[in-house]
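Visitor: Here's my sequence, what's the structure:
(chains A and B)
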Protein chains: 2
Amino acid sequence: MATETIPTLCWRNNTDGSPPALVLLDQTLLPVAERLLDCEDVETVAEAIESLRVRGAPAIGVAAAYGVALGAWHGRVFGNIARCVTVAIERLARTRPTAVNLFWALDHMRGIMDSLEGSADDEVYRALVAAAHKIHLDDQELCRRMGEHGACLVPDKATILTHCNAGALATAGWGTALGVIYAAAEQGKDIHVYADETRPLMQGARLTSWELQRRGIHVTVICDVAAATVLRDHKVDCVITGADRIAANGDVANKIGTYGVAILAQAHNVPFYVAAPTSTVDLDLASGDLIPIEERAAGEITEGFGRRTVPEGVGVFNPAFDVTPNHLVSAIITEHGIARLPYCDVLQAWGKATPSAVETASS
Amino acid sequence: MATETIPTLCWRNNTDGSPPALVLLDQTLLPVAERLLDCEDVETVAEAIESLRVRGAPAIGVAAAYGVALGAWHGRVFGNIARCVTVAIERLARTRPTAVNLFWALDHMRGIMDSLEGSADDEVYRALVAAAHKIHLDDQELCRRMGEHGACLVPDKATILTHCNAGALATAGWGTALGVIYAAAEQGKDIHVYADETRPLMQGARLTSWELQRRGIHVTVICDVAAATVLRDHKVDCVITGADRIAANGDVANKIGTYGVAILAQAHNVPFYVAAPTSTVDLDLASGDLIPIEERAAGEITEGFGRRTVPEGVGVFNPAFDVTPNHLVSAIITEHGIARLPYCDVLQAWGKATPSAVETASS
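Guide: Modelled structure (predicted):
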């Protein structure tokens, strides 16, 4: 397998006293242009999350953690680090409502700061940068473990359908659903992926196919409407998607269209797998009905790609996510292993573990 | 209900000796521009069908019939009418493979010509124009009857999901699936339509919403991926679509995505109705497996909006239609009435009737 690095996001320290930066690959420009965006303040990070320049639940969590670190840098310069970190957390929490990793990362950063009350600003700043780095590295490690667990579910010469992008671009550089595919490919398995283009923002067409192509994995893009035909006629072995939030009972919020694909998979007796780190599990929500679903601007539908496709004055409905009930989910692949119905107990056990605790437990 | 005329297509005779024309509303430009296209020769009609300037199974049939009449006009001028009509039929038959109305209309026109062997060119030409007019008017009449039958299935305050465009723009000016909705609205029923945008060519977003808006019917456009959510959360009373070809057993070929919507409808206990004239029924095909499915160019997916959405070098799969098996079809609405499973006998009886025979039988 080709192993071209995918520069989803990284942290850059400057030695000349100028601000550090969270450097993001601007995903809104892919696949036409590969442009890096330097985020040197909280607002630029927040805008990048809102505009989907960085997206995917795990990557949003990592970016938000670095955003808090940027807030701390500016706070240290101006002598009000606690206030700046609090404002940063509040601003970043308002960016997108569905992905729980965002809130998990912000809570984690707030906890670090609270634990250092009374410490020198320098110490607080360094601790917050270190915490963000740890979330970043943990994500890569978790995705690798998730991939190894999930690869057992993927036969050689598998045909896999995926929806949206749950790959290196959605995480700290490896991927959840696509991480499983990369791990299977590393084991020497020959994989063919059908990528739903994923309207309205085309993450499957623009991002999933781009990174699979870079990694040398055979990919075919289809319109979302062709998924049923592919499931019926093209010997799909399994569907694998990521998740933006998983309720305690295993209901899965993910990109709009996932619920439909899960129904189609069941109708064709094709297993439907979800790959996500346990930081995506929200034990506070008993079921998926309680997951807040973001509605996004009409323009994504009416003129999303530079050409008007809906008459002026016609209404649109543009939910960004949907909820797949647990009974349609054949398995949830996490860094701890593979969970199957009923999900409550195992997610309860796994979801309580922070990445740090997980590392301790498994090391 | 507003009754603004929708000028899908019409025939224009010129009195100055210049060629007559089939005048089409160029549907590729909607909803941004409303431009009429004069087709004065067979090739222009064929290109218009291939490019989807005119589309929808019934409208393609009518346009092709007028295309044959244009061939006859030129043949009469050059003294080789039989040859020109044959060439016209052959050319038009190569435009699109799935909609059976095209072949039905061409066969009908060929039959008219064959029946007039030895007649004067003028007589042949006039008979072919009259036959095309009759197909045109019959379509309007059939759609009206279909609408009256189908409206019985639509409750007041109904919420209806539709896919692609099976409206005035897909027929001679009234519609099949949307004809049912128009008929229900004429009965005073308050209707709300969810229109799947229908990738890749956006007939739902561009055309269905455009004509529903013109007729004063409340419409909301959704991405195809949101259909499952709408079916679950928005109290959809029924799904109604058109058809491009219906096999003898009631399997339905229609726009790609229809099969998936039918599965989603069944999963939510929502009736799935198909509205189509019996000229759409192909009694020669025992089942939908035998219906030829057109694959269209990759560019419709990779750069359909004027901006590249798939990386260079990535493959795509772009079937234009899919087949919904009869067991997912709650009813087929035709000009004769409403058929339900098992479809074989009733479609056999109805499908054998030509529009002329139907008119006689019911008058």
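Visitor: who in the stretch 101-250 of chain A is up against chain B?
Guide: Counting by CB under 8 Å from any CB of the partner chain, the residues of the stretch 101-250 of chain A lying close to chain B are A:194, A:196-200, A:202, A:205-206, A:209-210, A:213, A:219-230, A:232. Backbone N, C-alpha and C define where each C-beta goes, glycine included.
Visitor: Please narrow these to those residing in helices.
Guide: When these are checked against helices using DSSP state H, the ones located there are A:Ser209, A:Trp210, A:Gln213, A:Ala227, A:Ala228, A:Thr229, A:Val230, A:Arg232.
Visitor: Sort out which one of those residues lies nearest A:Glu294 for me.
Guide: When these are compared for distance to A:Glu294 (CB to CB), A:Ala227 wins out at 22.6 Å.
Visitor: Count the residues that sit near the closest one.
Guide: The local packing count at A:Ala227 equals 28, with neighbours defined by other CB atoms under 10 Å in any protein chain shown.
Visitor: One more: A:Val270?
Guide: A:Val270: 22 surrounding residues under other CB under 10 Å.
Visitor: same deal with the one 10 residues further on?
Guide: Number of residues near A:Thr280 (other CB under 10 Å) recorded here: 27.
Visitor: thought it was touching A:Thr241?
Guide: No. The pair A:Thr280 and A:Thr241 does not pass the contact test of CB atoms under 8 Å, sitting 11.8 Å apart.
Visitor: Give me the buried subset of the ones in helices among the residues of the stretch 101-250 of chain A next to chain B.
Guide: A:Ser209, A:Trp210, A:Gln213, A:Ala227, A:Ala228, A:Thr229, A:Val230, A:Arg232 (16 or more other CB atoms under 10 Å in any protein chain shown).
Visitor: And the residues you listed, which two are furthest apart?
Guide: Top of the distance list for those (CB to CB): A:Trp210 and A:Arg232, 27.3 Å.
Visitor: Stretch A:5-22 near chain B anywhere?
Guide: No. Stretch A:5-22 lies out of reach of chain B by CB under 8 Å from any CB, never closer than 13.1 Å.
Visitor: and that stretch, C-alpha only, in CSV?
Guide: Taking Å, rounded to 0.1, in the frame of the first residue of the first chain, the C-alpha atoms of stretch A:5-22 are listed here in CSV:
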residue,chain,number,x,y,z
THR,A,5,1.3,11.2,4.3
ILE,A,6,-2.0,13.1,4.5
PRO,A,7,-1.3,16.5,6.3
THR,A,8,-4.7,16.9,7.9
LEU,A,9,-3.5,19.1,10.7
CYS,A,10,-0.3,19.8,12.7
TRP,A,11,1.0,22.2,15.3
ARG,A,12,3.8,24.6,14.4
ASN,A,13,5.8,26.3,17.2
ASN,A,14,7.6,29.5,16.1
THR,A,15,10.9,30.3,17.7
ASP,A,16,10.9,34.0,16.8
GLY,A,17,8.2,35.0,19.3
SER,A,18,5.4,35.1,16.7
PRO,A,19,2.3,33.1,17.5
PRO,A,20,2.4,29.3,17.0
ALA,A,21,-0.1,28.0,14.5
LEU,A,22,-2.5,25.1,13.9
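Visitor: List the buried residues in it.
Guide: Of the residues in stretch A:5-22, those with enough neighbours to count as buried (16+ other CB under 10 Å) are A:Ile6, A:Thr8, A:Leu9, A:Cys10, A:Trp11, A:Pro20, A:Ala21, A:Leu22.
Visitor: Quick check: the farthest pair among those residues?
Guide: With CB to CB as the measure, no two of the buried residues of stretch A:5-22 lie farther apart than A:Ile6 and A:Pro20, at 21.6 Å.
Visitor: so what's the residue of the stretch 51-200 of chain A found nearest chain B up against?
Guide: Using CB to the nearest CB, the closest approach of the stretch 51-200 of chain A to chain B is made by A:Arg199 at 4.2 Å. For A:Arg199, the set of contacting residues under the criterion of CB atoms under 8 Å, 6 or more residues apart in numbering or on different chains consists of A:Asp224, A:Gly257, A:Ile301, A:Gly304, B:Glu197, B:Arg199, B:Cys223, B:Asp224, B:Val225.
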